[in-house]
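S.K.: what follows is a predicted protein model with its sequence.
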Amino acid sequence: MFSKEESRKLRETFWISFGKSFPRKWLLYNTKIKGFSFKFHFDTKEALVALDVESDLENRINYWEKLLALKSILKADYLPTALFKETYYLENGKEISRIYVPLEDNVSIHNKNSWQQVMVFFNETMNLFEAFFEEYQDVIKS
């Protein structure tokens with residue numbers, strides 16, 4: 001087991017290493033759509049890349065319907081293993097909608113031996129998510 005401080009340092013080291021290994025500016029929160037963001041997640045149990053819709057309920061429903069209309073394209077041309085969750089609860093209890101791709105392998109941010117695999121997964125998956133968004137952002141925004 002790791003202390004909170006050791007865990008914090010490992011997390012910090014992972015994200016610094018990821019930034020150095022794949023030095024590019026990710027779209028992430030800069031989608032220009034309020035409440036619409038991309039996220040990397042890596043903890044002691046899983047790694048995933050997500051597209052979160054955290055807007056007010058009306059906008060969330062509107063964006064979600066547009067994303068569902070694009071679901072077959074996203075899965076066929078970009079991310080075949082993407083999972084769609086209209087209702088997803090964050091650890092803080094907040095309800096959002098999420099499309100995400102989990103890394104199916106058993107990984108942990110506390111295990112440095114899994115870091116390279118996760119970094120490659122993040123890079124490849126986020127590139128595909130961003131390519132999809134770049135191609136269809138006008139449909140989503142409309």
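M.R.: Received it, and whenever you're ready, just let me know what you need.
S.K.: now the helices for this structure?
M.R.: Secondary structure of the chain (DSSP state H): helices at 4-21, 57-69, 71-73, 115-141.
S.K.: what comes up buried for stretch 34-45?
M.R.: Neighbour-count burial for stretch 34-45 flags 36-38, 40, 42 (criterion: 16 or more other Cβ atoms under 10 Å). All C-beta spots, glycine's among them, are computed from the backbone N, C-alpha and C.
S.K.: export those to CSV and tack on distance to Glu86 and pLDDT?
M.R.: What follows is these, written out as CSV (distance: Cβ to Cβ, whole Å; pLDDT from 0 to 100):
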residue, distance to Glu86, pLDDT
Phe36, 15, 89
Ser37, 17, 93
Phe38, 18, 95
Phe40, 22, 95
Phe42, 24, 96
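S.K.: out of the residues you listed, which are inside strands?
M.R.: If you go by DSSP state E, these have 36-38, 40, 42 in strands.
S.K.: and these, which two are furthest apart?
M.R.: Phe36 and Phe42 (21.4 Å; Cβ to Cβ).
S.K.: which intervals of the protein have sub-threshold pLDDT?
M.R.: Within the chain, not a single segment meets pLDDT under 70.
S.K.: count the residues that sit near the closest residue to Arg60 other than its chain neighbours.
M.R.: Excluding its sequence neighbours, the residue lying closest to Arg60 (Cβ to Cβ, 6 or more residues apart in numbering) is Val53, at 5.1 Å. Around Val53 there are 23 other residues, counting by other Cβ atoms under 10 Å.
S.K.: ok, Val53 - contacts?
M.R.: By Cβ atoms under 8 Å, 6 or more residues apart in numbering, Val53 lies in contact with 35-36, 59-60, 63-64, 67, 96-98.
S.K.: redo that, cut-off 7 Å
M.R.: Applying Cβ atoms under 7 Å, 6 or more residues apart in numbering to Val53 gives the contacts 35-36, 60, 63-64, 96-97.
S.K.: for ChimeraX, write the select line for the buried members of those.
M.R.: Remark: buried members of the contacts of Val53, expressed as a ChimeraX selection using 16+ other Cβ under 10 Å:
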select :36,60,63,64,96,97
